[in-house]
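Q: let's see this in three dimensions:
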Amino acid sequence: MFPFNRLNISALRLTAAFMLSALCLGALSVRADTRPAEMFPDGTRWSAIGDSITHGGSYYAWVYLYYTTRFPQQELEVANCGISGDTSSGAVRRYDWDIAPTAPTQATIMLGMNDVGRSLYGQDDTPQLIEDRAKRMSWYQNNMRQLVQKLKDDGVTVTLITPSPYDDTAQIEAQNLTGVNAALGEYGDYVRQLAAEEDLAVIDFHDAMTALNEELQADEPSFTLIGPDRVHPRSPGHFVMAYLVLTAQGAPTEVSRVSIDAATLETQTVRARVSNVATPRGGGLAFTCEEEALPFPVADEVSPALDYVPFTEELNQEILSVTGLPGGSYELSIDQKPVGTVSAEALAAGINLATFTDTPQYQQALKVLDLVKQWRNEVATLRGLALIEHTQLRDLPQPVDFEQARPQLEEKLQQWKTTDADKPHAAYYAARIEDYLANKPQEPQIREKVSALEAQIREAAQPSPHTYLLSPASAQ
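A: Coordinates of the predicted model:
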């Protein structure tokens, strides 16, 4: 029998998933002072501005994958404009050489995790701590206004995203700087205020993910939607973030919908074309179907997130409904390949082909997924170059001349490995400088590879017609 959508999902996680869905819908109604987010139109160039959660994350890639498989005829370019450790002031400082050159028509901004000053929490309040926290909020407000204004001056449509949470409720080993998440909630409140002032859309990560995280922890106190360091969401968390982006934008549920009456051969379709409908001599049904989209392929590393959010129910419905068949079971073959056995009752109710991973269209979508992963890896290499130029070479003019930068970086590398080896992130920066020295001379080739992969992704996502055959199982 076909494996339907994760039938072993726990009751708690089902509750959490639908709770999050309700929370997201509620957020749209109670915050009517901000514009709702909208779908990216054809021809969009989207720049995702952020810190390490964007730089090393994957939510933007899952959004890209959704658009590519759901709207294969549309053009969407995506630029990762995150830099690890960055703040709102850093984004303003690098705007001219790192963000503006991506020529965005749409931009999202998710900043705050570093602006908040996490080291100012997890200890008893003092007048100095309170003053320092207030200063950081003031800096964040001023810099966010500047960043938004720069984008608007360049004609960019801006969407603000509230900061993703700091997990101070998980019972895990990492040091717990209690109070950071509440402060990030206040930063999120300012994001909504700024959006109302500037007539911008807002997507909520902070409140939705905090609520979901705490709901899941009720059953498993050591669970974290974020990650073992309490800061950086792992792959399932990033998939939840992509879900929040897409649902906030009002992304469509259906990949396609095909309904056929086997008795009359009448058809009804949504985002699909059906032809050559016939009843074979042995019974059942045969037809050809060309869909306008591919199902969304779920990567193994994000699959736990299907237990946390109703992604399949809300965003990945590829429905085949066949009525008028005699009772019993039917073998479904697509392009002469058996993909499973289903009952006439299930077919009449409608089956979701997006959950059937052996179909030709799902296998095609997996190839798109693989290309998107390759694309993200190459993009990450480019972001590593930007990181070093932003943090270690800020005194050099852009574009950075590698031969001019090399002696300075080699000196910094030795410094990180010796005299500054005990400083926070010393090993990280030493490794990133080594990566820079190896990759910077190859930057033009890396950019060419990114462009080539984007073309391959679009080509690989183009749907094609498939032949379907439903045969009575007893006839096999």
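Q: could I get the pLDDT score of Ala475?
A: With respect to pLDDT, Ala475 scores 48.
Q: if you could redo that for Arg35, that was the one I meant.
A: Looking at Arg35, its pLDDT is 87.
Q: OK, contacts around the residue nearest to it when sequence neighbours are not counted?
A: Closest residue in space to Arg35, ignoring its immediate chain neighbours: Ala201 at 4.5 Å, by C-beta to C-beta, 6 or more residues apart in numbering. (Glycine included, C-beta is placed from N, CA and C.) By C-beta atoms under 8 Å, 6 or more residues apart in numbering, the contact set of Ala201 is 34-38, 159-160, 195, 248.
Q: now which of those would you call buried?
A: The neighbour-count test (16 or more other C-beta atoms under 10 Å) marks 34, 37, 159-160, 195, 248 as buried among the contacts of Ala201.
Q: let's see which of those residues end up in helices.
A: 195, 248 (DSSP state H).
Q: turn the buried ones among the contacts of Ala201 into a markdown table, including distance to Glu75.
A: Below are the buried ones among the contacts of Ala201 laid out as a markdown table (distance: C-beta to C-beta, whole Å):
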| residue | distance to Glu75 |
| --- | --- |
| Thr34 | 28 |
| Ala37 | 20 |
| Thr159 | 19 |
| Leu160 | 25 |
| Ala195 | 27 |
| Ala248 | 22 |
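Q: of the buried ones among the contacts of Ala201, closest to Leu453?
A: Thr159 (25.4 Å; C-beta to C-beta).
Q: which residues does the closest one form a beta bridge with?
A: Thr108, Ala201 (DSSP bridges).
Q: state the distance from it to Gln249.
A: 9 Å (C-beta to C-beta, to the nearest Å).
Q: repeat for Glu403
A: Distance of Glu403 to Gln249, given as C-beta to C-beta: 45 Å.
Q: more neighbours: the two, which one.
A: Applying other C-beta atoms under 10 Å to Glu403 and Gln249 shows that Gln249 carries more neighbours, namely 19 against 8.
Q: farthest pair in the buried ones among the contacts of Ala201?
A: Taking C-beta to C-beta, no two of the buried ones among the contacts of Ala201 sit farther apart than Ala195 and Ala248, at 12.3 Å.
Q: flag every buried residue along the host helix or strand of Val339.
A: Element membership of Val339 [criterion: DSSP states H and E] is strand 337-343. If you call a residue buried by 16+ other C-beta under 10 Å, then strand 337-343 has these buried ones: 339-340, 342-343.
Q: could you dump those into CSV with pLDDT and distance to Ala427 added?
A: Formatted as CSV, these follow (pLDDT from 0 to 100; distance: C-beta to C-beta, whole Å):
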residue, pLDDT, distance to Ala427
Val339, 96, 49
Gly340, 94, 50
Val342, 97, 54
Ser343, 97, 58
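Q: of all the residues you listed, which comes closest to Thr357?
A: Val339 (9.0 Å).
Q: related to what we said a few turns ago, will you turn the contacts of Ala201 into a markdown table that also has distance to Ala354?
A: Output for these, formatted as a markdown table (distance: C-beta to C-beta, whole Å):
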| residue | distance to Ala354 |
| --- | --- |
| Thr34 | 32 |
| Arg35 | 30 |
| Pro36 | 26 |
| Ala37 | 24 |
| Glu38 | 24 |
| Thr159 | 27 |
| Leu160 | 31 |
| Ala195 | 33 |
| Ala248 | 21 |
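Q: from these, pick the one nearest Met241.
A: Closest approach to Met241 among these (C-beta to C-beta): Ala248, at 10.6 Å.
Q: so that closest one sits against Ile203, correct?
A: Yes - counting by C-beta atoms under 8 Å, Ala248 does reach Ile203; the two are 4.4 Å apart.
Q: can you pull the residues that touch both of those two?
A: Residues touching both Ala248 and Ile203 comprise Ala37, with contact defined as C-beta under 8 Å, 6+ apart.
Q: what about the helices in the stretch 251-400 of the chain?
A: In the stretch 251-400 of the chain, the helices defined using DSSP state H, counting those that start in this stretch lie at 311-315, 344-349, 360-391.
Q: any chance of those helices in JSON lines, plus distance to Val78, mean pLDDT and mean neighbour count?
A: Converted to JSON lines, the helices of the stretch 251-400 of the chain look like this (distance: least, C-beta to C-beta, whole Å; pLDDT from 0 to 100; neighbours: other C-beta atoms under 10 Å):
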{"stretch": "helix 311-315", "distance to Val78": "18", "mean pLDDT": "98", "mean neighbour count": "20"}
{"stretch": "helix 344-349", "distance to Val78": "37", "mean pLDDT": "98", "mean neighbour count": "16"}
{"stretch": "helix 360-391", "distance to Val78": "8", "mean pLDDT": "98", "mean neighbour count": "19"}
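Q: can you add distance to Gln123 and give those back as TSV?
A: Formatted as TSV, these follow (distance: least, C-beta to C-beta, whole Å):
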stretch	distance to Gln123
helix 311-315	39
helix 344-349	57
helix 360-391	27
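Q: and the ones you listed: which comes nearest Arg70?
A: Evaluated over these, closeness to Arg70 peaks at helix 311-315, with 8.6 Å, by C-beta to C-beta.
Q: show me the shaky parts of the protein.
A: Segments of the chain classed as low confidence (criterion: pLDDT under 70) are 1-32, 474-476.
Q: let me know the outermost residue of it.
A: Residue farthest from the centre of the chain, counting by C-alpha atoms, centre = their mean, is Arg281 at 47.2 Å.
Q: quick check, central residue of the chain?
A: Centre-most residue of the chain, counting by C-alpha atoms, centre = their mean: Tyr59, 2.3 Å.
Q: what about the closest residue to it other than its chain neighbours, how many neighbours?
A: In this structure, Tyr59 finds its nearest non-sequential neighbour in Met241, 3.8 Å apart by C-beta to C-beta, 6+ apart. If you count neighbours by other C-beta under 10 Å, Met241 ends up with 28.
Q: and Met241, which of the three is it?
A: Classification of Met241 by DSSP: H, G, I helix; E, B strand; the rest coil places it in helix.
Q: if I look at it, how far off is His55?
A: Taking C-beta to C-beta, one finds Met241 at 14 Å from His55.
Q: and if you look at Arg133?
A: Distance of Arg133 to His55, given as C-beta to C-beta: 25 Å.
Q: Asn176 now?
A: On the measure of C-beta to C-beta, Asn176 and His55 end up 24 Å apart.
Q: alpha carbons of stretch 329-348, as PDB, please.
A: Taking Å, rounded to 0.1, in the frame of the first residue of the first chain, the C-alpha atoms of stretch 329-348 are listed here in PDB:
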ATOM      1  CA  SER A 329      -7.800  -2.400  -5.100                       C
ATOM      2  CA  TYR A 330      -6.000  -0.900  -8.100                       C
ATOM      3  CA  GLU A 331      -2.400  -0.900  -9.100                       C
ATOM      4  CA  LEU A 332      -1.300   2.600 -10.100                       C
ATOM      5  CA  SER A 333       1.400   2.800 -12.700                       C
ATOM      6  CA  ILE A 334       2.900   6.000 -14.100                       C
ATOM      7  CA  ASP A 335       4.900   5.700 -17.300                       C
ATOM      8  CA  GLN A 336       4.600   2.000 -17.100                       C
ATOM      9  CA  LYS A 337       6.300   1.900 -13.700                       C
ATOM     10  CA  PRO A 338       4.200   0.500 -10.700                       C
ATOM     11  CA  VAL A 339       4.100   3.100  -7.900                       C
ATOM     12  CA  GLY A 340       1.600   1.500  -5.500                       C
ATOM     13  CA  THR A 341      -1.700  -0.100  -4.800                       C
ATOM     14  CA  VAL A 342      -4.700   2.000  -3.700                       C
ATOM     15  CA  SER A 343      -8.300   1.200  -3.000                       C
ATOM     16  CA  ALA A 344     -11.300   2.500  -5.100                       C
ATOM     17  CA  GLU A 345     -12.500   4.200  -1.900                       C
ATOM     18  CA  ALA A 346      -9.200   6.100  -1.400                       C
ATOM     19  CA  LEU A 347      -9.100   7.100  -5.100                       C
ATOM     20  CA  ALA A 348     -12.700   8.400  -4.800                       C
END
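Q: that's all I had, so thanks and see you.
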